[in-house]
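# Sequence first, predicted coordinates after that:
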Amino acid sequence: KIYRMLIVTLLEALELGLIYSILALGVFLSFRTLNTPDLTVDGSIVTGAAISAVVCTAAADLDPDVQGVVCILGLVLSFLFGMGAGAITALLNTKLKIQPLLAGILVMLGIYSINLRIQGKANINLSSRKTIYSMMDDAMGGFRWSAIVLGVLIAAVVIILMYGFLKTRLGFALRATGDNEDMVRAAGISSDRMKLLGLSVSNGLVGLAGGMLAQYQGYSDVGMGTGMVVIGLASVIIGEVLFGTRSLMQRLIAVALGAVVYRMVIGVALYLGMPPTDLKLVSAVIVTIALAMGMLGENFSLWKKKSRGGDKNA
């Protein structure tokens, strides 16, 4: 019975982890690809959740089939509004020359009031509303883990689209901007436009994750974004350390799996009796350990190279 409960806990963590994998992919685009610390995430994920919740609520009196389509539209709007938040951060950075970190903080603070305006109140309850998860549940005949199937499908589509985009000429220019901005400018490419594009798409994915999260957990709250950037960064680091970064596709999959592993670790910790009030502390500890693992891995690789060099010289 204990093992069965543990398996259920892990599967529930997998459901949430697949949603956070979209968040992690967005954070990966800003922190790793564009090499820009972006704290807009804590605000843009709530924007996505708020838009998704408001749209699903507005469709309550419509035909059930139409409600499902409207909820899907809500996710599209979550992505677009998230892009808007990222675009504002990018413009503050590129046009007003405000440091990226500070620009993200300013947008994160300002967007709190905007999210309140969108919702009209502190939280919205979706427990009795039609959502993409209830649609998937109906389509699969009440299958208990239908949310996992839906999460895998959405995560797979996002990874494939991101891979295809980053392999285009525009995607290469975006990646080059994060690697060497001066070189990109010398090649006649506008680094400001690349930052605008990168931060917009990054926060668009974060907004999409927020929209999915609101529909999954059945509510949207203006305070739900606190610490989300830490979760995203933890997922990126854990994925890279555990699953490797040899190719772009492997890196994207690793980031998504990192989010799943992170949620599973948190789920097991809660299962073993960790107080929910300690969740943020445990998250910080996980990030610290993941960062330390990355540093230790790099030092180990350097040590191996030096050892091989010494053997050859001998």
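Arrived safely, thanks for sending. Small disclaimer: the values here were computed from a predicted structure and weren't measured.

# Quick check: mean pLDDT of stretch 261-281?
Per-region confidence: stretch 261-281 scores 85 on mean pLDDT.

# What residues sit buried inside that stretch?
Judged by neighbour count (16 or more other Cβ atoms under 10 Å), stretch 261-281 contains these buried residues: 261-267, 270-271. All C-beta atoms are positioned from the backbone trio N, CA, C, and that covers glycine.

# any chance of the residues you listed in CSV, with secondary structure too?
Shown next, in CSV, are the buried residues of stretch 261-281 (DSSP: H, G, I helix; E, B strand; the rest coil):
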residue, secondary structure
261, helix
262, helix
263, helix
264, helix
265, helix
266, helix
267, helix
270, helix
271, helix
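
# Quick check: of those, which lies closest to residue 101?
Here the nearest of the buried residues of stretch 261-281 to residue 101, counting by Cβ to Cβ, is residue 262; it sits at 23.1 Å.

# For the stretch 51-200 of the chain, which segments are assigned as helices?
64-94, 100-119, 132-139, 146-166, 169-179, 181-186, 191-217 (DSSP state H, counting those that start in this stretch).

# And the contacts of the third one?
Residues lying outside helix 132-139 but in contact with it, judged by Cβ atoms under 8 Å, 6 or more residues apart in numbering, are 68, 71-72, 75, 143, 146-147, 149-150, 212, 215-216.

# which two in the residues you listed are spaced the farthest apart?
75 and 143, at 21.1 Å, using Cβ to Cβ across the contacts of helix 132-139.

# between the two, which one's more packed in?
The neighbour count for residue 75 versus residue 143, taken as other Cβ atoms under 10 Å, is higher for residue 75 (25 against 13).

# how about the closest residue in space to the more buried one that isn't next to it in sequence, what does it touch?
Take residue 75 and drop its neighbours on the chain: the residue closest to it by Cβ to Cβ, 6 or more residues apart in numbering is residue 211, 4.6 Å away. Listed by Cβ under 8 Å, 6+ apart, the contact set of residue 211 reads 48-49, 51-52, 74-75, 77-79.

# What is the nearest of the contacts of helix 132-139 to residue 19?
residue 212 (4.9 Å).

# what mean pLDDT does stretch 80-93 have?
The model assigns stretch 80-93 a mean pLDDT of 96.

# With stretch 228-239 instead?
88.

# Return, as residue ranges, the portions of the stretch 151-300 of the chain with sub-threshold pLDDT.
Along the stretch 151-300 of the chain, the parts satisfying pLDDT under 70 run over 294-300.

# Can you give me the neighbour number for the nearest residue to residue 143 once chain neighbours are set aside?
Closest residue to residue 143 apart from its sequence neighbours, by Cβ to Cβ, 6+ apart: residue 137 at 7.0 Å. By other Cβ under 10 Å, 18 other residues sit near residue 137.

# quick one: residue 137 from residue 90, how far?
38 Å (Cβ to Cβ, to the nearest Å).

# Residue 166 versus residue 31, what's the distance?
According to Cβ to Cβ, residue 31 and residue 166 sit 15 Å apart.
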